[in-house]
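Participant: Next one to model:
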Amino acid sequence: MQTLPKSQLLRFVEQAFHLAQRAVSRYSSKFSKQRYTLHQHIVLLCLKVRKNTTYRTLLDELIEMPRIRSAINLTELPAPSTLCKAFDRLDMAVWRVLLNLSVSLLPTNGVAGIDASGFDRSHASKHYTKRAKLTIQQLKVTLLVDTRANAILDLHITTTRKHDTQIAPSLINRNASEVEVLLGDKGYDDQQIREMARENLIRPLIKHREFSSLQKAWNARLDTELYGQRSQSETVNSRIKRKSGAFVRSRHWWKQFRELALACIVHNLDRTL
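Facilitator: Just a heads-up that it's a prediction; the model follows:
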């Protein structure tokens, strides 16, 4: 009997399952009911984000996906509330570990672009918000993106109006061993950021705000071919919004942070395919 080739969806599930097995133990506690493993929960949550669907719809579709269920040893489908509670229990630290592991699957080159984008904190009708004169609060999401593989190396999320120059240092310090060249636009024009990058053996290619002829001259001397790769970080931001939407569905800020981290993991897994 001829073996059917693996679909992209099946390969995605296998990669996610492999990452989950590396990141966490089978069960969260020795007192767990052990009906479903953490690995299965993580894969199903990744699958939900990839398919951009609801818990209920995903589980309904899985009824007709025996190869997907077999790949994660899922003999019985959980209830939608079970997955929802699993998402609540998994800490942000787990998603960060999974994000770091997903990067290791991709051929990065050490050239990283940094860029920020806004995500609405609720999905409301634009017509209604305009008539009611409401302003939808946004999350500021800053991504550090490898320009070769378009892999998301790290992310920073804030609910405040932090300036880009206040956010960049934590991303630089956390990823000093992975980044050789840092590309940033004028929003990251800060001498302390440049000095911090050099202290971590990172070459900063950050445009200067042009208030004088000297700053214009500095910008003219930038390696334009290398700096041009910065647009890859904007491309990744755009891709995530196209795939998952420019808003987060969760109501609580800590769940919103996890939701965005999960979207980044799914993006990296998609890049491996």
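
Participant: okay, CA-based contacts and neighbour counts for the rest of this
Facilitator: Noted.

Participant: how far away is P78 from E64?
Facilitator: Taking C-alpha to C-alpha, to the nearest Å as the measure, P78 falls 15 Å from E64.

Participant: In terms of neighbours, single out the busier of the two.
Facilitator: Between P78 and E64, counted using other C-alpha atoms under 10 Å, the more crowded position is P78 (15 against 10).

Participant: which element is the more buried one on?
Facilitator: P78 is part of no helix or strand when elements are defined by DSSP states H and E.

Participant: mind checking the SS state of T53?
Facilitator: Classification of T53 by DSSP: H, G, I helix; E, B strand; the rest coil places it in coil.

Participant: Report how many residues lie close to it.
Facilitator: T53 sits with 12 neighbouring residues when counted by other C-alpha under 10 Å.

Participant: before we move on, what about F211?
Facilitator: The local packing of F211 (other C-alpha under 10 Å) involves 8 other residues.

Participant: So, low pLDDT: which residues of the stretch 51-200 of the chain?
Facilitator: With pLDDT under 70 as the threshold, the stretch 51-200 of the chain has low-confidence stretches at 122-137.

Participant: Not counting its neighbours along the chain, what's nearest I202?
Facilitator: Nearest-residue entry for I202: E180, 4.7 Å, with adjacent residues in sequence omitted and distances by C-alpha to C-alpha, 6 or more residues apart in numbering.

Participant: shouldn't that neighbour be in contact with V111?
Facilitator: Yes. Taking C-alpha atoms under 8 Å as the contact criterion, E180 and V111 are neighbours in contact, 5.9 Å apart.

Participant: And the helices in the stretch 101-250 of the chain?
Facilitator: 126-131, 164-174, 191-199, 213-220, 224-227, 231-244 (DSSP state H, counting those that start in this stretch).

Participant: mind checking which of those is nearest Q34?
Facilitator: Distances from Q34 to each of those were compared by C-alpha to C-alpha, and the smallest falls on helix 231-244, at 31.1 Å.

Participant: Sort out which residues of stretch 91-104 are buried, please.
Facilitator: Across stretch 91-104, burial judged by 16 or more other C-alpha atoms under 10 Å covers 92, 95-103.

Participant: and what of stretch 167-180?
Facilitator: For stretch 167-180, a neighbour-count test (16+ other C-alpha under 10 Å) marks 167-168, 171-172, 176, 178-180 as buried.

Participant: what about dumping the CA coordinates of it to PDB?
Facilitator: Coordinates of each C-alpha in stretch 167-180 appear next as PDB, following Å, rounded to 0.1, in the frame of the first residue of the first chain:
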ATOM      1  CA  ILE A 167      12.700  48.800  25.000                       C
ATOM      2  CA  ALA A 168      15.800  48.000  22.900                       C
ATOM      3  CA  PRO A 169      18.300  47.400  25.800                       C
ATOM      4  CA  SER A 170      16.400  44.400  27.200                       C
ATOM      5  CA  LEU A 171      16.200  42.800  23.800                       C
ATOM      6  CA  ILE A 172      19.900  43.400  23.200                       C
ATOM      7  CA  ASN A 173      21.000  42.000  26.500                       C
ATOM      8  CA  ARG A 174      18.800  38.800  26.100                       C
ATOM      9  CA  ASN A 175      20.100  38.100  22.600                       C
ATOM     10  CA  ALA A 176      23.700  39.200  22.700                       C
ATOM     11  CA  SER A 177      25.000  35.800  21.800                       C
ATOM     12  CA  GLU A 178      22.700  35.400  18.800                       C
ATOM     13  CA  VAL A 179      23.100  38.900  17.200                       C
ATOM     14  CA  GLU A 180      26.100  40.200  15.400                       C
END
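
Participant: Work out the gap between it and the centre of the chain.
Facilitator: Stretch 167-180 has its C-alpha centroid displaced from the chain centroid by 16 Å (C-alpha atoms, centre = their mean, to the nearest Å).
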